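> have a look; sequence and predicted model below, questions after that.
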Amino acid sequence: MTSFIYYILTVIGIGYFITSSDLMKPFRMAVSKLNKDLDLPFKWIVDKFDGVINCIYCCSFWLGIGVYYGMFIPESSYIFYPFSVMGTIYVIKN
């Protein structure tokens, strides 16, 4: 049960970091600008990616798949612990 809570908080933390943090804001704005300006045949890929990095629910779904498999790597806990703390802060804040 502890690893499941750790998994949930890690996904929430990484999702929050990508979709709402000030550190990733320039990246999100650049992708949104690229999506608006792009007139190439693969625009729909950029459009979907733009939606994923700006929506915490969409982002968390895709992150959940990667984090699930990443948690089986022994050294991954050192990478995921800070994000689980960030997820805890996000849950308490909201």
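Right, received. Where do you want to start? Quantities reported herein were computed from a predicted structural model and do not represent experimental measurements. Numbers count the residues shown, from 1 in each chain.
> got a list of what G64 touches?
The contact partners of G64, taken as C-beta atoms under 8 Å, 6 or more residues apart in numbering, are V11. For glycine as for every other residue, the C-beta is placed from the backbone atoms N, C-alpha and C.
> so for whichever strand or helix holds I12, mean pLDDT?
Assigned by DSSP states H and E, I12 belongs to helix 2-20. For helix 2-20, the mean pLDDT works out to 90.
> show me what secondary structure element comes after it.
Of the helices and strands lying after helix 2-20 in sequence (DSSP H and E), the nearest is helix 25-37.
> and the helix or strand just after that next one, what's buried?
Later in the chain than helix 25-37, the nearest helix or strand by DSSP H and E is helix 43-54. By neighbour count on 16 or more other C-beta atoms under 10 Å, the buried set for helix 43-54 is 46, 50, 52-54.
> keeping just the C-alphas, turn helix 43-54 into PDB.
This file holds the C-alpha atoms of helix 43-54, laid out as PDB (Å, rounded to 0.1, in the frame of the first residue of the first chain):
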ATOM      1  CA  LYS A  43       0.400  19.700 -36.700                       C
ATOM      2  CA  TRP A  44      -2.100  17.300 -35.000                       C
ATOM      3  CA  ILE A  45       0.900  15.700 -33.100                       C
ATOM      4  CA  VAL A  46       2.000  19.100 -31.800                       C
ATOM      5  CA  ASP A  47      -1.700  19.900 -31.000                       C
ATOM      6  CA  LYS A  48      -2.100  16.700 -28.900                       C
ATOM      7  CA  PHE A  49       1.300  17.300 -27.200                       C
ATOM      8  CA  ASP A  50       0.300  20.900 -26.400                       C
ATOM      9  CA  GLY A  51      -2.900  19.600 -24.800                       C
ATOM     10  CA  VAL A  52      -1.000  17.000 -22.700                       C
ATOM     11  CA  ILE A  53       1.500  19.500 -21.300                       C
ATOM     12  CA  ASN A  54      -1.100  22.000 -20.400                       C
END
